[in-house]
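Peer 1: next come a sequence and a model predicted from it.
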Amino acid sequence: MALPSRYPVPSAIHRVEDEVTRSRFITTIGRAATVEDATAFIARVRAEFPDATHHCWAYVAGPPADTSRVGMSDDGEPHGTAGRPMLAALLHSGVGDVVVVVTRYYGGTKLGTGGLVRAYSGGVLRALTTMPRTERVDWVTVSVVTSYARVSAVQQLFPAHEAEIVAERFEADVTFDLRLPRAHLEAFRAAALDATRGQATVLET
C-alpha cells in the first residue's frame, strides 16, 4: 500500500494537564518526523520534570497508522497500562509524525489497571483533540518549458495543482521552476501537455 504524500501533523508543542485521584498527569505532544526527533523530544520532557514519578511515552514517526517506526514505554507503570494505550490512541488519530509523553506525579492512591489505561489514553486523546495542526506535504520540484504562445495556458494550471513558482526564465522558450505536492505531479504533467497540445516538457528536478 502506498504511503500518503500529505497528512496532518502537530504544528507546535502542546500540553494538557489532568488530575486523577490526586495523581497529576501532564501530557505533552509534538512533532517527530524521525525516531531521533522522538527520542530527543522525550529526553527534553524528562529534563523538564526531573522529579516526576513516571514519563510514559509513545510515538509514530511517519504517516498516520504506519507502524514501521513506532515506539512506546510504560516507564515503570504496570505492563500495558500506559505505553500501549497511548500508542493505540496515536495510531487511530489520523495524525502522523507525532510523539507524546505523559508525565505522572503519583498522588498516593493507586488507580488500578483500568484507571491507569483511562488516565494515560485520556490525556493523549485530549491533547490530540486540542493541539494545533498543520499539513505535512511531500513536495517535488519540476521544470516546465513552454513556448511564449502557451505561457498563459500553463500559468492558469498553477493554482489548481498548488504549484508555486520558484523561478522563471524568459529565453528562446519560457521555463518555470515550480514546487508542487507530489500527489499532484502526474495530473499537472497531463494538464500541461493537454494545454500546450503536447509541446510542453515537465521534468522533475
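Peer 2: Alright, I've got the coordinates.
Peer 1: following the helix or strand encompassing L178, which helix or strand comes up?
Peer 2: Per DSSP states H and E, L178 falls inside strand 174-181. Sequence-wise, the next helix or strand downstream of strand 174-181 (DSSP H and E) is helix 185-195.
Peer 1: what angle sits between that following helix and strand 174-181?
Peer 2: Interaxial angle of helix 185-195 relative to strand 174-181 (axes from the mean of the first three to the mean of the last three Cα atoms, to 10 degrees): 150 degrees.
Peer 1: mind giving me the packing neighbours of helix 185-195?
Peer 2: Packing contacts for helix 185-195, counted by 3 or more Cβ pairs under 8 Å, 6 or more residues apart in numbering; DSSP states H and E, involve strand 139-146, helix 151-155, strand 201-204. Every C-beta, even on glycine, is put in place using the N, C-alpha and C of the backbone.
Peer 1: show me how this structure divides into domains.
Peer 2: Domain ranges of the chain: 6-136, 138-204, per automatic domain parsing.
Peer 1: ends of the shortest one, how far apart?
Peer 2: Domain 138-204 stretches 14 Å from its first residue to its last (Cα to Cα, to the nearest Å).
Peer 1: try the longest one
Peer 2: The stretch domain 6-136 measures 5 Å between its terminal residues, going by Cα to Cα.
Peer 1: in this structure, what spans have low per-residue confidence?
Peer 2: Counting by pLDDT under 70, the chain has low-confidence residues at 1-4.
Peer 1: hmm, what's the outermost residue in it?
Peer 2: Distance from the centre of the chain peaks at A172, with 42.3 Å (Cα atoms, centre = their mean).
Peer 1: can you point out the buried residues in the lengthiest helix in the chain?
Peer 2: Longest helix in the chain, counting residues (DSSP state H): helix 112-130. By 16 or more other Cβ atoms under 10 Å, the buried positions in helix 112-130 come out as 116-117, 119-128.
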